[in-house]
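> Structure for this input, please:
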Amino acid sequence: MLLTRIKGPRDLDRLGQEELNQLAAEIRSFLVDAVSKTGGHLGPNLGVVELTIALHRVFDSPKDKVLFDTGHQAYVHKLLTGRQDFGNLRSKGGLSGYPSRAESDHDVIENSHASTVLGWADGIAKANEVLGREDHHVAAVIGDGALTGGMAWEALNNIAAAKDRPLVIVVNDNERSYGPTIGGLANHLATLRTTDGYERFLARGKDLLERTPVVGRPLYETLHGAKKGLKDFIAPQGMFEDLGLKYIGPIDGHDIEALESALQRAKRFSGPVIVHCLTQKGRGYEPAVQDEADRFHAVGVIHPDTGLPVSTDAASWTSVFADEMVKLGHERKDIVAITAAMLQPVGLKKFADAFPDRIFDVGIAEQHGATSAAGLATGGAHPVFAVYATFLNRAFDQVLMDVALHKCGVTFVLDRAGVTGTDGASHNGMWDMSILQVVPGLRLAAPRDAEQLRAQLNEAVLVKDAPTVVRFSKGVVGPAVPAVGRIGGMDVLRAPAPEVARPDVLLVSVGALAPMCLEIADLLDKQGISCTVVDPRWVKPVDEALAPLADGHRVVVTVEDNSRAGGVGSAVAQALRDAGVDVPLRDFGIPQRFLDHATRKEVMAEIGLTAPDIARQVTGLVAKLDGRYDSEAAAIVD
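Below is the predicted model of the structure:
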């Protein structure tokens, strides 16, 4: 096999065109075989095989920087840079599913959030210029889906301003992000004609473009045909060239020879160049090509021949939300849904099918999505913006200043909250309950099971004068966790024996960690430590009943699947201080560090967020209060 002889990019130099085509076929076969065993991003990588080969033939990585936006299409890059052991892909100790600086000097950007690569490329190109590195080049690969993000256009505005600073921008145009790429820009990458859509684009974009420095007015004039008289037809090169960027393309993204020729010309040019490549997501694997939803963007373990899942999972948190949204849609005509290019992953496909006029895909543009939601709420609708918890970070200013400041009734549904595991550091949803604590008026719910997810989503969409948030975990939803009582707005999940005058521990359980918190209570009970377990349900604001309840216990313990810094534990501590309740408090959560990829269970064990670990520490704390702390008092019998 040719692939086994490729230890680094320069091994590609000695291959002829026929061998390069053979190598491309071997890579596709390898990817289908490997990813079918581990799960991962299959479709995006099948689509960039020839493009990645050409990039590494033309550019001299790592001296030249080859950058990938989002990074889920970097498997081929890994194979060509000496990493061909995919046996533990996305598993603890194995290869990351994204570029990783710890793995290779060839990897630059680890952040797997979209639309950032052009900002990186602009900065690296500037550094090359400042430091006089004329023999260093930068090639940034960005998909047409990522070009729907505002950050990409902010970067293009800066890149275009430097006519003599070399930088190659490779647009990987497969008409898709997760699903088909949405928005006006997607159409312009093919053609832009004098249609109703053209006129609508002009009407929407004129004011914005004229206010954009450097490139706004020229872009508008190009689209309007004022300069070139092309009102009947405007090709992509017209748009990009009037941005100040030389344009090469469109190029067949599966023709290695044509790709190399285009990239060589772009590399020799002394300024910024767009190389527009047309690729097919999922190419070479028929089950992926036939999958209209997302072309096998990300798969679990599958049968390599059929592409069918090896096993069928039980109901997931996402599927419970999906069904409840459809129910709400039938009950209330004002309910609308928003997605940022992730219709299927966040569970809005069923809603879209049932109510096609009430679903809005804004592209990879979370900031715009949040502000648009504020507008929808102001106009009388109740928008539900479903987004991965980690991606809400990108829209914090809009949540704060557009939604909350204006007291807009918008519901944000955060999927993949907490430790997500295999996708690595940038995909863990471990910051949402911290950053949202500072938003005045915002209400945040953390359901513990499917029943509570349905109930709290219904409660959230009733709020008309403030943003609401409902967050839940990745994966299978667990069994129902019944309440045995209610104190204020909090569910009591476990109460101490009636004869206990002052229980030892008040355990505040957040969201999906309820089963673990009940296990902690069982372990404490074996040590003779009495415990009350409560689920606040709505963790922001802190329930007024919590402080007096805490005052009746000796110790308060909070357990959350979120960063300890500024999280629910911190909010509870502040509430107790404000109420004058002087009770020791221990907060358990995710430490302030980026977490390596592994399964959720492995990550939770590594950070000590398990029932035995927490019970051991709480036992030690209670023993210390009793004045009898020693190693035996802290021991837990598993």
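> pLDDT below threshold where in this protein?
Along the chain, segments meeting pLDDT under 70 span 176-240, 312-313, 628-638.
> Longest strand in it, please.
Across the chain, the longest stretch assigned as strand under DSSP state E is strand 555-563.
> Run through the neighbouring helices and strands of that strand.
With contacts defined as 3 or more C-beta pairs under 8 Å, 6 or more residues apart in numbering; DSSP states H and E, strand 555-563 has these neighbours: helix 432-435, strand 505-509, helix 514-526, helix 568-578, strand 585-590, helix 611-625. For the C-beta atoms, the positions are set from N, CA and C on the backbone; glycine is no exception.
> Please state the offset of stretch 41-54 from the chain centre?
What separates the centre of stretch 41-54 from the centre of its chain is 21 Å, taken as C-alpha atoms, centre = their mean, to the nearest Å.
> And it, what's buried?
41-54 (16 or more other C-beta atoms under 10 Å).
> Of the residues you listed, which belong to helices?
Assignment to helices by DSSP state H places the following of the buried residues of stretch 41-54 there: 43, 44, 45, 46, 49, 50, 51, 52, 53, 54.
> Out of the residues you listed, flag the one nearest to residue 374.
When these are compared for distance to residue 374 (C-beta to C-beta), residue 44 wins out at 32.3 Å.
> That closest one and residue 143, how far apart?
Computed as C-beta to C-beta, to the nearest Å, the residue 44 to residue 143 distance reads 8 Å.
> Overlap in contacts, those two.
residue 73 (C-beta atoms under 8 Å, 6 or more residues apart in numbering).
> right, and residue 338 touches residue 385 too?
Yes. Using C-beta atoms under 8 Å, residue 338 makes contact with residue 385 at a distance of 4.3 Å.
> Between those two, which is the more surrounded one?
Neighbours around residue 338 and residue 385, counted as other C-beta atoms under 10 Å, are more numerous at residue 385. The numbers are 30 against 26.
> So what touches the helix or strand hosting the more buried one?
Residue 385 is part of strand 382-388 when elements are defined by DSSP states H and E. With contact meaning C-beta under 8 Å, 6+ apart, strand 382-388 is reached by 321, 325, 328, 332, 334-340, 342, 345-348, 366, 369-370, 372-373, 376-377, 395, 409-416, 427, 429, 461, 464.
> Please name the strands paired to it in the sheet, noting orientation.
When pairs are called by DSSP bridges, strand 382-388 turns out to pair with strand 335-339 (parallel), strand 411-415 (parallel).
> which residues in the stretch 301-450 of the chain form helices?
In the stretch 301-450 of the chain, the segments counted as helices under DSSP state H, counting those that start in this stretch are 317-331, 349-354, 366-378, 389-392, 396-398, 432-435, 450-460.
> out of the ones you listed, which comes closest to residue 122?
Counting by C-beta to C-beta, residue 122 lies closest to helix 366-378 out of these; the figure is 19.2 Å.
> What lies in contact with that closest one?
Residues contacting helix 366-378 (C-beta under 8 Å, 6+ apart): 150, 336, 338-340, 360, 362, 382-383, 385, 387, 391-392, 394-395, 397-399, 402-403, 406, 408-410, 412, 464.
> Repeat that for stretch 109-116.
With contact meaning C-beta under 8 Å, 6+ apart, stretch 109-116 is reached by 67-72, 96, 98-101, 117, 120, 142-143, 145-152, 177, 364, 390-391, 394, 423-427.
> Go again with 7 Å.
With contact meaning C-beta atoms under 7 Å, 6 or more residues apart in numbering, stretch 109-116 is reached by 67-72, 98-101, 117, 120, 146, 149, 151-152, 364, 391, 394, 425-427.
> ok, and for it, which residues are buried?
Applying 16+ other C-beta under 10 Å to stretch 109-116 flags 109, 110, 112, 113, 114, 115, 116 as buried.
> Same question for stretch 276-288.
Buried residues in stretch 276-288, defined by neighbour count with 16+ other C-beta under 10 Å: 276, 277, 278, 279, 280, 281, 282, 283, 284, 285, 287, 288.
> End to end on that stretch, go ahead and measure it.
Chord length of stretch 276-288, first to last residue, is 23 Å (C-alpha to C-alpha, to the nearest Å).
> Deepest-packed of the helices and strands packed on strand 555-563, please.
Mean neighbour count (mean count of other C-beta atoms under 10 Å) peaks for strand 505-509 among the helices and strands packed on strand 555-563, with a mean of 26.
> For that one, give me every contacting residue.
Contacts for strand 505-509 (C-beta under 7 Å, 6+ apart): 493, 517, 520-521, 524, 529, 531-536, 549-550, 553, 555-559, 572, 618, 622.
> now with 8 Å?
Under the contact criterion C-beta under 8 Å, 6+ apart, strand 505-509 has outside partners 448, 493, 516-518, 520-521, 524, 529-536, 546, 549-550, 552-559, 568, 572, 618, 622.
> related to what we said a few turns ago, just checking: what are the partner strands of the longest strand of the chain?
When DSSP bridges is applied, strand 555-563 pairs with strand 505-509 (parallel), strand 585-590 (parallel).
> starting at the chain centroid, how far to that strand?
24 Å.
> and the angle for it with helix 568-578?
140 degrees (axes from the mean of the first three to the mean of the last three C-alpha atoms, to 10 degrees).
> Can you show me the CA trace of strand 555-563 as CSV?
The C-alpha trace of strand 555-563 is given here as CSV (Å, rounded to 0.1, in the frame of the first residue of the first chain):
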residue,chain,number,x,y,z
VAL,A,555,-22.8,21.1,55.7
VAL,A,556,-23.9,22.1,52.2
VAL,A,557,-22.6,20.3,49.1
THR,A,558,-23.3,21.3,45.5
VAL,A,559,-22.6,18.9,42.6
GLU,A,560,-22.7,20.2,39.0
ASP,A,561,-21.6,19.2,35.5
ASN,A,562,-20.1,22.7,34.9
SER,A,563,-17.0,24.7,35.8
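> Next, the angle from it to helix 611-625.
Here strand 555-563 runs at an angle of 150 degrees relative to helix 611-625 (the same axes, to 10 degrees).
> tell me the angle of strand 555-563 relative to helix 514-526?
Using the same axes, to 10 degrees: strand 555-563 against helix 514-526 is 150 degrees.
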